[in-house]
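Trainee: Need coordinates for the following:
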Amino acid sequence: MFAVLVFLEVRPEHRDKLEPALRYNARYALEHEPGCRRFDVLRDTVDPNGFLLYEVYVDPAAHRHHLELPRYAEYRLLVDPWIQSRRVLTYDLIEAAPSD
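Mentor: Numbering: from 1, shown residues only. You can find the predicted model right below:
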């Protein structure tokens, strides 16, 4: 498994627009991309402009597929102007907690 953590800082004036877009992107990936196994959207408890995306894919190729979809390009065109900063980290998932 392949895990991706995306740290986002939104421009404060766009926070109310970004959260629904993040949630839609996560739901779409889970429902339409077989290689996407988990996609959580988290909001920072201290800084309301901070978000974390926690994504798990079956392998790096499934993540690349996600990034190459035309729908993802449209999503980025929409949200990129709202983002102050983005940091992406990737990991090989060694052990996962059991599902709820």
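Trainee: check contacts around the residue lying closest to H14 once chain neighbours are set aside.
Mentor: Among residues not flanking H14 along the chain, W82 sits closest, at 3.5 Å (CB to CB, 6 or more residues apart in numbering). For every residue, glycine as well, the C-beta is placed using N, CA and C. Neighbour list for W82: 10-11, 14, 17-18 [criterion: CB atoms under 8 Å, 6 or more residues apart in numbering].
Trainee: Now W82: phi and psi?
Mentor: Dihedral pair for W82: phi -90, psi -10, per degrees, to the nearest 10.
Trainee: separation between it and R37?
Mentor: 27 Å (CB to CB, to the nearest Å).
Trainee: How about Y28?
Mentor: Y28 is 14 Å from R37, by CB to CB.
Trainee: re earlier: out of the contacts of W82, who's the most crowded?
Mentor: In terms of neighbours by other CB atoms under 10 Å, the contacts of W82 top out with V10 at 24 neighbours.
Trainee: where's the residue lying closest to P48 once chain neighbours are set aside relative to E9, distance?
Mentor: Residue nearest to P48 in three dimensions, not counting chain neighbours: R15, with 6.5 Å by CB to CB, 6+ apart. Distance from R15 to E9, counting by CB to CB: 10 Å.
Trainee: quick check: longest helix of the protein.
Mentor: helix 15-32 (DSSP state H).
Trainee: burial count for V46?
Mentor: By the measure other CB under 10 Å, the count of residues near V46 is 5.
Trainee: if I've got this straight, it is in a strand?
Mentor: No: in this structure, V46 is coil, not part of a strand, as judged by DSSP: H, G, I helix; E, B strand; the rest coil.
Trainee: pLDDT value on it, please?
Mentor: Per-residue confidence (pLDDT) for V46: 96.
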